[in-house]
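[1] Show me how the following folds:
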Amino acid sequence: MPNRPKLDQFDIRHVDRRELYTDFKKRIAYLKAFLNLVEDDIIVFNKGVKYLKTAIPDLTHRLYSKMLEFDITARALRTRNTACHAHVEDLFTIDSPHVERRKIFWKWYLTRLCNDPSQMEYWEYLEKVGRMHTGKELLHPLNIEYIHMNACLRYVEDALIEWISLHPEMTVRFKFALIRALNKIMCIQNDLISKCYIPAGQEYEENS
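    Numbers count the residues shown, from 1 in each chain. From the prediction side, this is the model:
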């Protein structure tokens, strides 16, 4: 029989809408159950991260090269705000000291992404990534609109899938299992970022 998600004493199949917006653990449990992110997936992912971590330097360079291809994201590296229309005389290049510093933060994110998804702290950090980009968290606000966050996530996932697919040391069976696990994790990451932008469930926060 297929491996099924473990259900806590509270059966997550009966979760109500309010709980999805007010109880972070139940939101994660619901997403895991719906996506069928099971223990076997997490075991495969944790075995595969040693390969994924070797991709971090190249992936970081590729992502920033991609962002510098487009005026709106290249400008945001200077203004920290994709909604800003201010004219920027000189955009950064891939070798700019500022871009090199930003790469450090992105490498840290990818390193944390390669941690253990069985721990609640893992998901709490991934949600924090979303909040940090809404302009509400940092001393020097960073306001990156959701369209760009989503594009970056999809770019990263596609690059990781390419890396896995071409890796010479993994079996085809393991590659397939790792890609499936990664896809489920990135789906939850996208939800945790989008919830920082989309006002769904806001009425519960206002009444709490």
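[2] Find out how far stretch 65-84 is from the centre of the chain, if you would.
    19 Å (CA atoms, centre = their mean, to the nearest Å).
[3] For it, measure first residue to last.
    Terminal residues of stretch 65-84 are spaced 21 Å apart (CA to CA, to the nearest Å).
[4] again, but for stretch 125-144
    18 Å.
[5] All further residue positions should be reported with the first residue as 764.
    Sure, I'll start numbering at 764, so the last one becomes stretch 888-907.
[6] List the buried residues in it.
    Leu889, Glu890, Val892, Gly893, Arg894, Met895, His896, Thr897, Gly898, Leu905, Asn906, Ile907 (16 or more other CB atoms under 10 Å). (C-beta placed from N, C-alpha, C; glycine too.)
[7] And the first one, what's its pLDDT?
    What the model reports for Leu889 is a pLDDT of 96.
[8] Now the element after whatever helix or strand it lives in, going C-ward?
    In the assignment (DSSP states H and E), Leu889 maps to helix 883-895. Proceeding N to C from helix 883-895, the next assigned helix or strand is helix 909-929, under DSSP H and E.
[9] in whichever helix or strand comes after that following helix, what's buried?
    Per DSSP H and E, the first helix or strand lying C-terminal to helix 909-929 is helix 935-957. Neighbour-count burial for helix 935-957 flags 937-938, 940-945, 947-956 (criterion: 16+ other CB under 10 Å).
[10] How about stretch 803-818?
    Residues of stretch 803-818 classed as buried: Asp804, Ile805, Val807, Phe808, Gly811, Val812, Tyr814, Leu815, Ala818 (neighbour count, 16+ other CB under 10 Å).
[11] That concludes my questions; thank you for your assistance.
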